[in-house]
Every structure is written in structure tokens, then in C-alpha cells.
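Visitor: requesting a structural model of the entry that follows:
(2 chains)
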Amino acid sequence: MKVSIQTINYINQHYGCSKQINNVDDIIKKIGSQLGEVEGVEDWGHYYEGIVVARVVSCQKHPNADKLHVCLIDDGGATKDVARDKDGYVEVVCGAPNVKEGMTVAWLPPGVTVPSTISKDPFVLGSREIRGVVSNGMLASPAELNISNNHDGILEIDEDEVGKELKKPGTAFKKLYGLDDVVIDIENKMFTHRPDCFGILGVARELAGIQNLKFVSPKWYTKGENVSTGNSLPIEVKVEDKSLVPRFIAVSMSDIQVMPSPIWLQSFLTRVGIKPINNIVDLTNYYMQLTGQPLHAYDYDKVAKLSGSKPTLIARQATKGDKVALLNGKTIEFETPTILISTDKQAIGVGGIMGGSETEVDEGTKNIILECGNFDMYNIRRTSMKYGLFTDAVTRFTKGQSIYQNDRVLKKIVADISVDYGGKVASEIFDIRPELPSQSKVKLNSDFVNKRLGSNLSSQDMKELLENVEFAVMNKGDDLIIDPPFWRTDIEIPEDVVEEIGRLYGYDRIKPVLPKRDTSPSMLDDMLEVKTAIRDIVSASGANEVLTYSFVHGDLLAKVGQDSEMAFKLSNAISPDLQYYRLSLLPSLLDKIHGNTKAGHSEFAIFEINKSFCKDLLDDEGLPVEEERVAFVFTADDKVALEKYAGAPYYQAQRYLVHLLDGLGISAVFEPATKYTPKLNVSKAAFAPFEPKRAAIIKDSEGEFIGELGEFSAGVKRNLKLPEFTAGFELDISQLLKLSNSNNYVPLSRFPSSEQDISLQVDKNVSYEIVFNVVMEQLLIASEEHGYRFKLTPVDIYCPEKTSNKNVTLRVKLTHNDRTLVTEEVNSLMNQIAEFSNKKIDANRL
Amino acid sequence: MSYKNQRVADVADLLKERLSSLDDKKQILRAVELKALFAELPNMPADERASFGKDINKLKQELENYINVSADSRVLVDQIDVTAPFDINSPVQMRPRLLSAEHGSSHPLMSELKKVVDIFGRMGFVHMDSRQIDDEYHMFDSLNFPSGHPARDDYDTFLTTDGFVAPAHVSVMQNRLQKKYAVNLNEGKPIAVVYTGRTFRNEDVDARHEHTFYQVEISYIDKDINTSNLVATFKTFLEEYYQQDLDIRIQPFYFPFTEPSFEMALSCPFCKKKGCHVCSQSGWIELLGCGMINPNVMKMGGIDTDNFTGFAGGLGLDRLVMMKYGIEDVRHFESGKLDFLRQFS
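Guide: Alright, predicted model coming up:
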């Protein structure tokens, strides 16, 4: 919301709060702390620095150019360092068709920047020769002065408008027309619930309030102007849908003379970002800027031509085939429930949003119809979004303008048009509205307010703060009855009044005090703790934690063989990369490998702790289950893989997995994935990227599912340009949380331990685990019997060439709590193991 | 995969269905339906041709992706012994091993999240994880956004075709935490929760804007809780976080779910208010949105608003981390670039 400080000062000079804003910086600070964020400050007075009022003393045709004139101007000697003739006049060449002797103009002396160029490509004037005649600076058009778009000729300063005093040559130009203005832009979002603050009047009132000053609104706004009616231009006014158009007022006026607005008004509109059109349109925009209430003016005769027997305005919902040629040059076909303004024959405008070009007020207009309506904010928003129509009126109507102000604003503009432009009211004022409900009063007491603010204000203090912004307040003891003014549609509950009092009083005056609470500790979040543990373990083993998007492109799903049908699909993403919620984390990690490899990282491990989503899984509330996952990938390029790692990358990923699970106190078993057929779609998706012959299903020792581990299928590697030596895993964190066990401490023995290796030859197809378990089983039996403690670790797995054998070497470390073990005892245990292995799995001890 | 042309989309569905029944998946590329699409191309009106051609190529690429994925069943892959700790015949020095710890790193957003949660934890707040997929009720209705209210537009939410919402703020947890911890109030204890998580805004990405980011928010509800408590709580948190005394400035704001609402700024901890590039020479950093929880929100959460009041407020984690390290581009966070990640420990 752009706010002109000059206009606020004008308001305060005539009614308002009788205090001028002299120090803009101070008021900006005050707005910042008590009203909302100031997004921008534009010092318009600065643009006009150095420009002076001058009189054209003589005006001759340029000797060498048909369209140019050579002028001598009188600036009252106000400008220093400029070449003058003996009479003290300055020579300026001017190309404007309207330049003439005796005219009072705005002169831009050398050294001044042309205002219209300041924000683009600043053009600084000098003294330069134009076809052999020196021109000192220039005489400027309204467009060059950033007053309007008018570039037809130079600005003529009219005594009727500025007065005799300011018209004198040498006057600083910025003193005219309210140009010495600062426009501050207050963030709109702050005013989402404050329709009144979309008018400068509302902001002025608010500024008075936060300065602890009493504000008085103009009479025409509080009481309303008296306007007589007429009957020379009859109109018919109807509202078909009263729920979407709660109030609709229209009146016709005759004898209108359409012309450009006075310069001050054109300049004002330009400063707040509105293009001046003509006196009638500009005036509707001015009152919208002032009060927040949008208005619209129609050309009466154009409406008459498009109506049946009588010029008619109907506010109704669009029906099939309703097209409107809009003021922005577009023609749009509208659908219900858009509210159109229509004659009895055709639609001519979009209610509360934009007028139509067929009935626009232009230079030829003699008679007008003025409309001042109130439109349902939700419907305005829907229509605006649907057709991409964003106008100043939309901005205001979507905040919910007060239904009580339409008649007041309409009558004021009618009065102005009568006084300023001779217009005559030519019909009755049609006011189609429901019985206006009286606004509800809010009751509360000072304790309620103080308890919520942490303040210590009396009910009298509160009454005064509220009365400053024109609330009617009755207080009795601590009790307050608050009657909000008609423009405050946002005050409904006592908390709204708390906000009002707090803001007007100033939150910075309230001393911060911490809440009191007992000393009981806050509970830890187990899930957060286990995630932190995972992060610490994996990152401490040289892996890098990444975060990738929760949304993926459909291509990525296809590349890893996941079924996009199972993924939640986004319906409105701006970016084409965001199509689906991801089904698992690994594909996103795999997608990050190629880029890093290309960036020169020959070997790395990345992991992510995040969530996945699948249509299969909904919770009790009908919301998708968010699966907590950790995914990990290890990769090395061919060179590093060849130099550093023997065998399959599977084992490298497994090494990390075991390290992680160890850290969490979980022991895992690995089942070959070749026989794995996932039942749920979510499991199918998680398993999709893996190559079943080189992947395992991870379970804990009790058979609880933990996740998948392995290498990726050839297609996945090809599609994602993965190095051959790549493998990874993805685990279900809720399972890890359930299974983790931090206590696996074993007391130390006082006696030395004894170590011996045992090598067992088995058939190639017997898995390592079977051999390991057989040995383990014997060790457990022996320990039970003799009280050993032991540790069993792999030493080697060897397949001699051209045989179908596999030699597995394991190291047994034995300890006893009460004695030192002798070699014979260990030997005998080894023999026992060998014998048992032979029996069980046909193993031969080597 | 989405196709602009319905013709192509229909063929895509048909072929994908057939793909599952084919032994040699490559045959799908020779399907008559696909050839027919290509054959139509030359006869199309020029203005439709480009988009149609693009769609066909897209379909072909998609099918090739599927073939690549499923081609493996025909490639001979050696079975490995997944139960073993390392591969057969591997020399000791070339067996699997962990990388050097010095390469490792935690993601800076996650380290910081933990740090922030820990501080609030010490201040008595329990942690809740926020959702990444939610419904309109928790995103808007339960937070006092009337249906169709223009304020909803400020949130640029992603929607799914099933009507779910990607939360644009972790405030989606407010209704849940109020219901979950309402029992505290009966026991004379406050509701004090810090909730964190990933949030989303459907907007274009550039160096300063991400569609994916992290938020931290707190709620505190008890008897006689007021704005002065709100300011003091956040001030205490920020001073603990930055390990220095700070000035706090609050500015009125508007959120449907708090009344009154504020934006909170802190004096710049990097230059002690002298003005630096972090605070754009202003000496102040706007960081928090906060306010007294709107009674309508608490009523929906089952809280007795006659007896209890509360405040809530939150901040963006990405911004906190960017300021801390001087990170110039928010897109680095989700880039997965090791050159970025390895700068953190």
C-alpha cells in the first residue's frame, strides 16, 4: 500500500489529527514498530531538486529549425552558474508545439536530472548547442516531470491552480502541486485484515493512533454529504445475486465536461502508481485511494445504446456466452459465479474487478453513471485468480471492504463532480442493500487485556487509546464496552481488541518476562535421538550426509523401475522437475552420484535421513504414512575400485551397514534377495533399483525386516550413469528404533585369551553364513559346558581355481573367567568343531 | 509421466501395460501403435506437430528407460554370497573398509536443527517432527483460515491429485500438539513443544528462493501467558543460540492463526548493530514470525480458552544457517554437491 505523506499532511491540516509529519524518518520507524513493515520509501521531492518556475519572456522561431523555438526565460535569478543575457534572462531551445511568450513553465537548468529518467537511465542536462543556438537546460512536459503520461507539450503552470505567489518565477518547482512528497510503501500483507488501511484515510488515522493523537475523520465520511437528486437521465438498477453483491449503489449525472484532471491530482495518482486518465476516472481512483472503496464510472449514453428501452445496470452472475471487452484490451468469456455488470441486453463489466471498454468514460462523454458497490471477497478472489485479473479494486475488495461506507463515498464524489466540473445529479440514488445489520459490540475488561499483553493499563488508558482511532468506548470500573467504527469490519472477538490496544500502546513498552514453569525435564524425542545417532555413526565413518528433494521427476521413477502410479502426484507444481512424492530415498541419492563423480570425486559415500511416501499406506486419519528411512550409497570410479577394492561393491556397502547396526546394538542377518518377492507396493518400490542376485534382505536376528542392501541393476546403472563399483542400502528407521539396544557390554576377564584359526573346506555353494553358524553353534555348546567366552571372526574366504571348493578360515578367540586356557583344551575344541562341521555340512578341516 | 496429447497418453498406457507381459522387452519399441504415432506426424497441422513430436519422443525415451531397467533379467549376472563379510579370494588389504573419518560430514541444516532443538529442549520444550504430506484441515482450516480466504494465496501450496497438501509451514502441527498435550494443562503443566521439519512453497527457485526449506516453530500454552512471555522466550533462545546479549524489536504483522501477530527482529549478532552485509547495513535481522495463538485455533485443538492462553512462533532454518556461514546460494542445500557438504563437519 503506497501512502503519500503529503496527502496525510493535507488530511491532518483539514481534519485528521492536527499534527503535520515533518520528520519522515521518525514516522517510518514508528510505522515499523507499530503498524507494519515499510517496504520502500520514495522521496519525490528529491526528483524535483533544482527545477524552478520560470516565465517565457520571449519566444522566437529557431533560425535553423522549423519545429524549434528559441526562448528567453526569466527564473527570477534563482539559478546560479548559468549564462544570462544583459537582462538576466536565460536562453533555452524548446521543441514543444505549445510554447509561447508569457507562459509560466517548469525549467530544468543545466546540471538537473530529468525526473522521468531517474529510475531508468538518468539524463543530466547541460548547456549544449542545438543547431547553432545554445540551450541551457530544458522546458519540461508533464511526462518528463513524472506527473502524467502527457508528452504533447510542455507543462503550463496555471495561476488558478497554484495561486499567484507560487507562480512567481524563481519558485522551487517542488513547492507546487504537492510534489514535495515522500511516498512510503507499507507491506500489504500486514493489512490483510484491515480493509480500512487500503485507504490513505485509514493509514492517517492509524498513524495518529500510534502517536497517541486523537483523529477525526472528515464529516463527509462519518455523516455523509447531502446530495439532491434529479430525474433527467433515468436509469434502472437491479441486483440479481444479493449474497455475492451485498450492496450496490448507482446514480446518473448529466452535463459532465470530461477533461484532464488538475495537475496535483494527476501527479498524486502517478506517485501512488495509478495512471491518470481524465477528470472523472481520476476522481474515482482518488477516492478509492483515500477510502479503500473502489468506484466505477460508465458513459451514460454508451450504456443507453447497449440497453433496451431504459439505460440499465444489473449485477448478476455470468451465464453461458457472456463476453466482456475489458478496459485492459482483452475480451474474456466469463463463467458463473463471476459477477458481471450488465445492461438488460449484454454484459459490460466485471463487478468489483474491471470495467468494460464499450462503456468507458472518454473525452466525448457528456453524461455518466457512477457505481459504488460491495462485492463478496471470496468470489472476487476466485474470479481474479481464475481469469488472472489483478487490479487495485481486487486488492481492496479481497480484504472485505465495509458495507457501511458505499453511500458516503458515492455522495462525496457526486458532490465533488458537481462543484468542480459542473455535473448535475440526474437520477435518484439507487441503493440496493439489505437491512444493514448493526455492528456487534465487544465486551471485555482491562484484566483480560493486561493478562494477554503483560501490560498494566487501566480501563481509562485503554479507552483513550481506542478513542484516538474513533472507537466508541464505555468504561465502568475495569469493564469496557467497545463499539468499533463502521469501517472496522475486523473487530469481532475480545482478542482483536487486545491486538488493537497492544499496537496503539506500543509493544516495545512491554517488559519481556519469561514464563514460569516447574523443573521437570522435557522428554526426549526417541525418533530424533536415533536419527542423530545414525547421522553421527555414518558421518564419522567418512560418509557425507545429503538432503535431496521430497519430490522427484517421473523420469527418475522410470529410470529405477518404480511404478509412478503408486506415488502421490503433484497437481500444480510450477517446476516440471517436481511431479511425484518419492517412493524411496535411494533413487534421489543415485541421482546425485554422476554429478559428483564428474566433479572429480573418485570415491565417496553419501547418505540421507528422510521420509518416503506411497499410496499404499494410509494411517487412521486417512493421511499418508510417512516412512522414516535412511539410505546410503557407496561409489568408486573404475580406477579407484581396481586399486583399492577386491570383489563386489556389495561388501563395501555391507561394511557400512554392519558398522551402523553395530553402533546401534543391532545384529543383522542377510538373506539372498533372489527369492524375495515383496508383497506391498511400498516394498516393491524400495526394492526396484536392486539387482536381486547381488542384493540381500536385511533382518535382525529375530527375523524382523530392517531393509535392503545391494548393488543396482544394470539398467539403473546405465540410466543414471553410475560407476560399476556402486552399492547401497535403505533401512526403515522405525525398525532401527525398535531394535536398537545400547547395552552389549561384557565384563573383562582377568585371564589371558587364546586364539586359533580354523579352515574349513566346503562346497562352493555352501554360504559363508552356514559355515559360520555351524562353528558358532559348537562354540555356544562348548561355552555353555565349560564357561568359555569367545569371539568368532572371519579371516579368509578362498576358492581355489578350477575346483568347486570354498575354504573358509575363521579365527576363534577364547577366554575363561576363572582360569588360563591350556593349548590342549583349545586344540580339542577345534577338533570337536571340525568333526561337527564335517557331520553337519560335509566340511573338511584343512 | 504426463503427456500433453491425449492420443500419446493413451498409447503410453497401453504399451506400458503390454510391457509387463513381454519376455523380450525390446519388442515394445517395435509396437505398431508406436509406429502409427510416428506415421501421423507428417500429416499434422504445423502448430500441433511440435508438441505432438515432443510427446512421442518422450514416450520412446520412457519406454527405453523401462527396457534398460528390465533388461537385466537377460544379462548374465554372477550371484554373490550375500552372507559373507567380503568377497572370495580378496586379499586382506583390498577388503571393504570405511573411508577416513575426515571426509565425513553431517548436513549443516541437520546439525543446526539439532542445535536449535537442543536449546529449546533445555528450555523445557519437547520435540515433535512435522509432516511432509498433510491435509487442508491442518494446513488451513485448523489454523483459522476460512475456506477460500484470500490469505491462503500467500502460501503457494503444492497440492496432490488426491487432495493432499505439501505443508507450507510446520504450523500444521499446532492442532496435533494441542490435542496431544492438552493433558499437561490438567496436570498444571504448560504445553511446550518445538516442532521442526521440511516445508514447501510452490515457487521458482533462485539463489534466494527454494521450494523446499526447513522451519522451526514453538508453541507455549499455559495460564496467564502473554506477549511479554513471548518476547522474553524468543529473546532468551536467540541469546543462547548466538551466545551474546541481543536487542529485540517486534513489528505488528498479520497471521490468521495468531492475534496479535508479530515479526520479530534481532540486533545483528554479526556486527553488533554496526551494519554489515548480513543485516544489509541495517543493524537488524528480521527472523521470526510469531504471535499469541488465536483462540479459534486453540478451541479447535480442544483447549479451554477461558483459562489458557499461549504463543507460537517460528523461523526458517535455512536462513539461520546461511547467515551463520555466509552461504551465498540456498540451492546448495539440496544440491548433494560434495564440494559444498564437505566444508561442514
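Visitor: rest of the way, CA atoms for contacts and neighbours
Guide: Noted.
Visitor: what residues are up against whichever residue of the stretch 51-200 of chain A sits closest to chain B?
Guide: Evaluated by C-alpha to the nearest C-alpha, the stretch 51-200 of chain A has A:Met190 as its residue closest to chain B, separated by 5.0 Å. If a contact means C-alpha atoms under 8 Å, 6 or more residues apart in numbering or on different chains, then A:Met190 has A:35-37, B:252-254 as its contacts.
Visitor: mind pulling the model confidence for it?
Guide: Listed pLDDT for A:Met190 reads 78.
Visitor: B:Ser73 too?
Guide: 46.
Visitor: A:Lys802 too?
Guide: 86.
Visitor: the one 3 residues further on too?
Guide: As summarised for this prediction, A:Asn805 has a pLDDT of 93.
Visitor: now do it against A:Cys799, distance only.
Guide: Here A:Asn805 is placed at a distance of 6 Å from A:Cys799 (C-alpha to C-alpha, to the nearest Å).
Visitor: can you list residues touching both of those two?
Guide: With C-alpha under 8 Å, 6+ apart as the test, A:Asn805 and A:Cys799 both reach A:Lys764.
Visitor: geometric centre of the chain: which residue is closest?
Guide: If you meant another chain, say so; for now it's chain A. Chain A has A:Lys189 as the residue nearest its centroid, 10.5 Å off, counting by C-alpha atoms, centre = their mean.
Visitor: switch to chain B, that's the one I care about
Guide: Central residue check for chain B by C-alpha atoms, centre = their mean: the C-alpha nearest the mean position is that of B:Arg198, 2.7 Å away.
Visitor: what pairs with the helix or strand harbouring it, parallel or antiparallel?
Guide: Element membership of B:Arg198, judged by DSSP states H and E, is strand B:191-200. According to DSSP bridges, strand B:191-200 forms sheet pairs with strand B:126-129 (parallel), strand B:212-222 (antiparallel).
Visitor: might one say that the residue nearest to the centre of chain B is in contact with B:His211?
Guide: No. Using C-alpha atoms under 8 Å, B:Arg198 is not in contact with B:His211, being 10.2 Å away.
Visitor: quick check: residues of the stretch 201-345 of chain B near chain A?
Guide: B:202-204, B:212, B:224-233, B:249-254, B:259-260, B:294-295, B:309, B:333-338, B:341-342 (C-alpha under 8 Å from any C-alpha of the partner chain).
Visitor: filter the residues you listed down to the ones in strands?
Guide: B:212, B:249-254, B:259-260, B:309 (DSSP state E).
Visitor: can you tell me which of those is closest to A:Phe430?
Guide: The closest of these to A:Phe430 turns out to be B:Tyr254 (C-alpha to C-alpha; 36.7 Å).
Visitor: per-residue pLDDT, that closest one?
Guide: pLDDT, read off for B:Tyr254, is 88.
Visitor: tell me what the residue nearest to the centre of chain B is bridged to.
Guide: Beta-bridge partners of B:Arg198, as defined by DSSP bridges: B:Tyr214.
Visitor: list the contacts of B:Gln93.
Guide: A:Lys644 are the contacts of B:Gln93 under C-alpha under 8 Å, 6+ apart.
Visitor: give me phi/psi at it?
Guide: phi -70, psi -10 (degrees, to the nearest 10).
Visitor: over to B:Gly326?
Guide: phi 70, psi 40.
Visitor: how many residues are close by it?
Guide: By other C-alpha atoms under 10 Å in any protein chain shown, the residues close to B:Gly326 number 12.
Visitor: cool, and B:Cys271?
Guide: 15.
Visitor: who's in contact with the nearest residue to A:Ile235 once chain neighbours are set aside?
Guide: The shortest distance from A:Ile235 to any non-neighbouring residue, by C-alpha to C-alpha, 6 or more residues apart in numbering or on different chains, is to A:Pro311 (5.1 Å). For A:Pro311, the contact set (C-alpha under 8 Å, 6+ apart) comprises A:234-236, A:300, A:303-305, A:343.
Visitor: could you do A:Ala668 as well?
Guide: Contacts for A:Ala668 (C-alpha under 8 Å, 6+ apart) come out as A:658, A:661, A:698-701.
Visitor: what's the closest non-adjacent residue to it?
Guide: Per C-alpha to C-alpha, 6+ apart, closest to A:Ala668 is A:Asp700, 4.4 Å.
Visitor: that neighbour and A:Ile666 touch, don't they?
Guide: Yes. A:Asp700 lies in contact with A:Ile666 (C-alpha under 8 Å); the separation is 6.9 Å.
Visitor: could you chop the chain up by domain?
Guide: Picking chain A for this. Domain segmentation of chain A under automatic domain parsing yields A:2-45+A:181-217, A:49-175, A:236-432, A:442-502, A:526-739, A:754-845.
Visitor: right idea, wrong chain: chain B
Guide: B:6-74, B:108-341.
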